[in-house]
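> generate a structure from the sequence data that follows.
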Amino acid sequence: MLRINRLKIEIIATNRTYQFDENFRAGLNIIASDDNTRGKSSVLIAIYYCLGFEAIIGGLNEKVLTSAYKTQIEDKETSWPVLESGVYLEIGNGSDIVTIYRAAKHENRNSKLMTVYFSGLDDIYNGDTNCEEYYVHMPNSATNKKGFHTFLENFLNIELPLVPATDGVERKLYLQLVFASMFIEQKNGWSGIYSGMPYLAIKNAKKRVTEFVLGLETFENERKRNELLNKERYQKEQWKNLYSDMLSLQSRVQCYVKNIPQAPEILSDEFEENIAIVRSVGENIGVDEWIVQLQGEHEALKTIRPRVIDNYDELQTELQEVEKVIDQNSCEQNEIQQELAITTRKIGEINKNIEVIKQDIVNNKDALRLKKLGSELESGVFREICPTCSQKIQDSLLPIQHGTNIMSIEETINHLSAQKDMFEYALKYEKNKKQELAEVLERIRTAQMQLYRLAKSLRRDLYSIDEDLSETIIYKRMSIEHNIQELEDFKQKIVVMAEKFRELSNKWKELLTEKAQLPEKGVKEEDKNKIAKLKSHFISNLEKYEYTSISNVNAIDISDDNYLPIIDKFDMKFDSSASDNIRAIWAYTMALLQTSNECAGNHSGVLIFDEPAQHSIGAHDTKAFFDSILKLSDRCQVIIGITINNADIRKVISEIEDDKCNLINIGEKAFV
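Just a heads-up that it's a prediction; the model follows:
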């Protein structure tokens with residue numbers, strides 16, 4: 001709930017201080033003047049400005065304010081330079097009262113700084129009055145503790161939901177968007193329903209605002225659906241990253257791990273027991289058996305006499321074998337590198353082909369649209385007839401033989417789509433092949449490094465002094481020990497990773513459970529009732545305000561796409577005259593408040609209309625508009641800025657009882 005209690009504008013000029021200081025109350029408040037240049041809009045803008053809602057007007061910070069706040073103020077026939085200016089706004093939420101101060105022009109104070117006094121305006125300078133300062137229109141001012149709109153959201157007891165933004169991230173449904181459905185300003189607000197809503201990169205902002213204001217369940221279900229969708233993406237990414245880490249580890253130790261799924265799933269109770277680590281080189285044996293073999297080789301090396309003179313022939317033979325394997329590996333490495341290069345080129349070519357086909361599909365779809373349009377216009381070209389010789393136009397430059405039929409545009413689109421699917425399948429295959437080749441190449445390179453070191457040790461032994469100890473035997477022992485240690489470490493890492501996979505699996509199960517518990521898509525019965533009430537109030541209001549652009553207003557419906565009024569599935573604005581468009585904005589804005597009040601929605605209970613009698617709307621309709629506001633009595637607060645430029649409007653306002661309307665007549669100028 002929001003109640004505007006008092007507005008005080010203070011402008012210090014070189015000659016004197018000018019002020020506007022007025023109280024507001026529940027129900028109808030009218031700020032009136034005899035002419036359209038007396039400062040009513042400047043007063044209403046101050047309310048927007050002090051709430052940080054000036055984006056609804058079409059700008060940010062002091063830029064939206066008139067020159068009276070910033071440069072010069074007119075006093076009769078003289079203009080006086082403005083030195084400083086600021087706005088105080090006292091608001092309530094039904095139980096507490098605060099006063100907001102925001103500078104408009106100040107040498108030492110930025111307009112993004114907001115001061116909140118936790119008292120009424122008369123008491124802000126009392127010794128026991130606390131105050132806090134906040135910032136507005138800066139990053140995170142809607143989420144951080146010191147952000148003004150975070151404070152305002154909490155003060156108004158509003159819990160703004162997270163909604164999808166255009167960049168795929170969820171963000172708060174900003175207060176500026178919500179209040180754009182309640183504050184109708186003069187310049188942009190009367191061109192259409194929600195026309196003053198600023199662009200803040202929220203997807204389907206108008207729909208989200210209506211869902212929030214009416215408190216539709218669909219809104220909450222959609223929010224949960226989007227939240228689970230983001231959670232699903234995140235969990236899939238976590239699983240994918242963990243699986244990639246495992247692949248990277250296993251390629252280093254020349255092993256591969258079996259029975260771990262590549263994508264998230266609910267793992268069985270025997271998952272950890274079923275994990276198998278297998279050697280990826282030579283014979284496919286388990287890692288434990290491989291470790292036993294390596295330990296046997298290590299023990300065998302202990303029995304070999306360590307002096308070079310005792311093993312000279314064996315060393316020479318082994319060097320020859322090692323060099324032979326190195327040569328074989330080099331050949332295999334070159335072949336794999338060539339195949340890898342070919343695969344990379346194929347991937348590039350396939351990507352190019354896919355892009356060409358995509359463009360061809362777009363071009364053919366455009367051609368199909370033009371063909372349909374041309375057939376309606378009876379153009380020969382789009383009926384595949386040459387406009388010059390009236391001959392049939394073929395879709396091919398090749399000679400047509402044996403009665404071959406050329407594909408139609410529709411068939412071409414289907415054919416291209418099938419080609420695209422085929423290329424995308426080939427692309428996936430080549431990418432997998434590239435990854436496998438890269439892993440094999442890495443294993444060969446690792447093996448080559450070990451063989452190079454072994455060959456180096458063998459050569460040193462062959463050219464060393466006969467009594468020296470064999471460097472090769474020592475190297476082999478150390479290499480085997482290192483290999484065994486690597487495998488043992490890898491086993492432990494897989495155990496840790498298995499635990500992480502188990503944790504991710506549990507989270508995945510929770511996610512699937514939440515998805516299963518989500519209600520089916522579509523509008524719920526309770527929401528249908530709320531939308532029906534919105535429609536009923538809207539049509540009833542149109543009839544009260546004498547909307548005549550549509551002969552049968554009962555044919556008006558509320559769109560499922562954005563909850564805006566439509567006629568024959570089109571925006572009813574297109575069938576409305578300029579004055580009836582204004583009546584429709586009155587009717588819809590009032591219907592939102594009426595429906596929210598009846599259905600315990602989230603409307604703040606305050607409306608602002610700046611010059612609602614646009615486009616020569618008559619006094620009779622204006623009276624009907626005022627009467628519908630008066631029927632709401634103290635359940636809402638409506639502030640209207642209006643120019644009383646004819647006797648009929650003056651008569652309508654004068655007939656409203658004093659206790660039902662707070663009339664603020666600003667006279668010649670708002671600032672006195």
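> gap between the spatially most central residue of the chain and residue 215?
Closest residue to the average C-alpha location of the chain: residue 165 at 2.3 Å, with Cα atoms, centre = their mean. Separation of residue 165 from residue 215 (Cβ to Cβ, to the nearest Å) stands at 22 Å. For the C-beta atoms, the positions are set from N, CA and C on the backbone; glycine is no exception.
> residue 164 too?
Residue 164 is 19 Å from residue 215, where distance means Cβ to Cβ.
> what's the end-to-end length of stretch 99-114?
Stretch 99-114 has an end-to-end distance of 10 Å (criterion: Cα to Cα, to the nearest Å).
> one step back: in this structure the residue nearest to the centre of the chain contacts residue 199, no?
No: contact between residue 165 and residue 199 fails when scored by Cβ atoms under 8 Å: they sit 11.4 Å apart.
> is residue 216 in contact with residue 528, as I believe?
No: using Cβ under 8 Å, residue 216 is not in contact with residue 528, being 9.7 Å away.
> comparing those two, which shows the higher neighbour count?
Counted by other Cβ atoms under 10 Å, residue 216 and residue 528 do not tie: residue 216 has more neighbours, with 24 against 13.
> next, that one: phi, psi?
When read as degrees, to the nearest 10, the backbone of residue 216 gives phi -70, psi 140.
> residues contacting it?
With contacts defined as Cβ atoms under 8 Å, 6 or more residues apart in numbering, the neighbours of residue 216 are 210, 527, 530, 531.
> where does pLDDT dip in the stretch 451-600 of the chain?
Across the stretch 451-600 of the chain, the ranges flagged by pLDDT under 70 are 457-475, 521-523.
> in the stretch 101-250 of the chain, where is pLDDT below threshold?
Looking at the stretch 101-250 of the chain by pLDDT under 70, you get 219.
> which parts of it are helices?
148-155, 175-179, 205-214, 217-252 (DSSP state H, counting those that start in this stretch).
> tell me which element the closest residue to residue 419 other than its chain neighbours is part of?
Nearest non-adjacent residue to residue 419, counting by Cβ to Cβ, 6 or more residues apart in numbering: residue 357, 5.5 Å away. Using DSSP states H and E, residue 357 maps to helix 312-376.
> so which elements touch that helix?
The helices and strands touching helix 312-376, judged by 3 or more Cβ pairs under 8 Å, 6 or more residues apart in numbering; DSSP states H and E, are helix 409-462.
> quick one: the helix it packs on to helix 312-376, angle?
170 degrees (axes from the mean of the first three to the mean of the last three Cα atoms, to 10 degrees).
> run through the neighbouring helices and strands of whatever helix or strand comes next after helix 409-462.
Past helix 409-462, further along toward the C-terminus, the next helix or strand under DSSP H and E is helix 471-517. Counting contacts by 3+ Cβ pairs under 8 Å, 6+ apart, helix 471-517 is packed against helix 217-252, strand 255-258, helix 271-274, strand 276-279, helix 287-303, helix 409-462.
> okay, those in CSV with mean neighbour count next?
Shown next, in CSV, are the helices and strands packed on helix 471-517 (neighbours: other Cβ atoms under 10 Å):
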stretch, mean neighbour count
helix 217-252, 16
strand 255-258, 16
helix 271-274, 13
strand 276-279, 16
helix 287-303, 14
helix 409-462, 15
